[in-house]
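Student: next come a sequence and a model predicted from it.
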Amino acid sequence: MNMAVGVLALQGSFNEHIAALRRLGVKGVEIRKPEELDNVSSLIIPGGESTTMAKLAELHNLFPALREFVKLGKPVWGTCAGLIFLANKAYGQKTGGQELIGGIDCTVHRNYFGSQLQSFEAELSVPVVVSKEGGPETFRGIFIRAPAVLEVGPEVEVLAEYPVPSTNVLYSSSGVQIQEENGVPENKVIVALKQGNLLATAFHPELTADTRWHSYFLKMASEAGEGTSSSIVPVSGNLSYEEKQRIDLPIYQ
Ligand SMILES: NC(=O)CC[C@H](N)C(=O)O
């Protein structure tokens, strides 16, 4: 049985993820209902606005199915708001908080880099996506009202960090200086991480023409599917009108 990559399609940049998968010849399936998760073997949670996305997920009764998906060890990648969904703990929530899926043993600050106006782009050093056969040595990260990860547990693999002025150093509720406590240099925050089959990036690879992060996730997904009956579904045949429109989405270079 072949299985496709699901993309949570409640809000945010899900079309852009589907377009990036399509560029790699892989079919992305929009997920809006819990039962639709049965048809996919891996999932991408796009960037957007995590409170809105969480409210919509609640409305569609998606949280139990999403948590089960994670619990079963199926690969999930969250970009930006998607990272917030996958964190076990979040700061900077609206009153009353929002539901999270959880799974990555980390604490995320929802709007660490400030408001929409403080959005920025930066070249990141990301050894896991750099090809040994050459090509660019960095990845251009697009940070839009981006979160950052401030604390990680021992099972988390840090894939990329971003330097910040030491005045940005945050303290936990108990007054402990978070970065120092975890041995992370005081002037860096975590912007890409992995725990088992869960991957998270604070920036938006789906808004660039660079598909290296999507390839990395597809590799994770196919490795997780090895020995089982599921594998990634290639897209074949001509593009439908809808798919063509997606591929033609503007790409931020
Ligand atoms: N671009 C994004 O996904 C922004 C996420 C945003 N900080 C939030 O809380 O939802």
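Tutor: The structure has been received and is ready for your questions.
Student: OK, contacts around the spatially closest residue to V70 that is not a sequence neighbour?
Tutor: Spatial nearest neighbour of V70, chain neighbours left out: G103 (4.3 Å); criterion: Cβ to Cβ, 6 or more residues apart in numbering. Yep, even glycine has a C-beta here, placed from its N, CA and C like the rest. Residues near G103 by Cβ atoms under 8 Å, 6 or more residues apart in numbering: R67, V70, K71, V76, L86, N88, Q195, L198.
Student: can you do 10 Å?
Tutor: 66-67, 69-71, 73, 76, 78, 85-88, 195-198, 200 (Cβ atoms under 10 Å, 6 or more residues apart in numbering).
Student: who does the closest residue to E155 other than its chain neighbours bridge with?
Tutor: Distances taken as Cβ to Cβ, 6+ apart place Q195 nearest to E155, at 5.4 Å, with adjacent residues excluded. Assessed by DSSP bridges, Q195 has beta-bridge partners L198.
Student: thought Q195 was touching E157?
Tutor: Yes - using Cβ atoms under 10 Å as the test, Q195 is close enough to E157 to be in contact (7.0 Å).
Student: what's the pLDDT at the residue nearest to E155?
Tutor: If you check Q195, the pLDDT there is 98.
Student: likewise for the one 4 residues further on?
Tutor: L199 is assigned a predicted lDDT (pLDDT) of 98.
Student: ok, now which ones touch the residue in the stretch 51-200 of the chain that the ligand sits nearest to?
Tutor: Using Cβ to the nearest ligand atom, the single residue of the stretch 51-200 of the chain nearest to the ligand is C80, 3.0 Å away. Listed by Cβ under 10 Å, 6+ apart, the contact set of C80 reads 12-13, 45-50, 142-147, 191, 200-207.
Student: return the distance of it relative to C106.
Tutor: Distance, C80 to C106, by Cβ to Cβ, to the nearest Å: 15 Å.
Student: which stretches of this protein have low pLDDT?
Tutor: Counting by pLDDT under 70, the chain contains low-confidence residues at 1-3, 92-97, 165-186, 227-253.
Student: the residue nearest in space to the middle of it bridge partners, please.
Tutor: Closest to where the C-alpha atoms of the chain average out (Cα atoms, centre = their mean) is G78, at 2.0 Å. Beta-bridge pairing for G78 (DSSP bridges): I45, A200.
Student: all further residue positions should be reported with the first residue as 37.
Tutor: Taking 37 as the first residue, the last one we looked at is G114.
Student: so it sits right up against G83, yeah?
Tutor: Yes - G114 sits in contact with G83 when judged by Cβ under 10 Å, with a separation of 8.6 Å.
Student: next, count neighbours for whichever residue of the stretch 187-289 of the chain sits closest to the ligand.
Tutor: Here the stretch 187-289 of the chain gets closest to the ligand at one residue, H240, 6.5 Å apart by Cβ to the nearest ligand atom. H240: 26 surrounding residues under other Cβ atoms under 10 Å.
Student: so it makes contact with H53?
Tutor: Yes - judged on Cβ under 10 Å, H240 makes contact with H53 at a distance of 9.4 Å.
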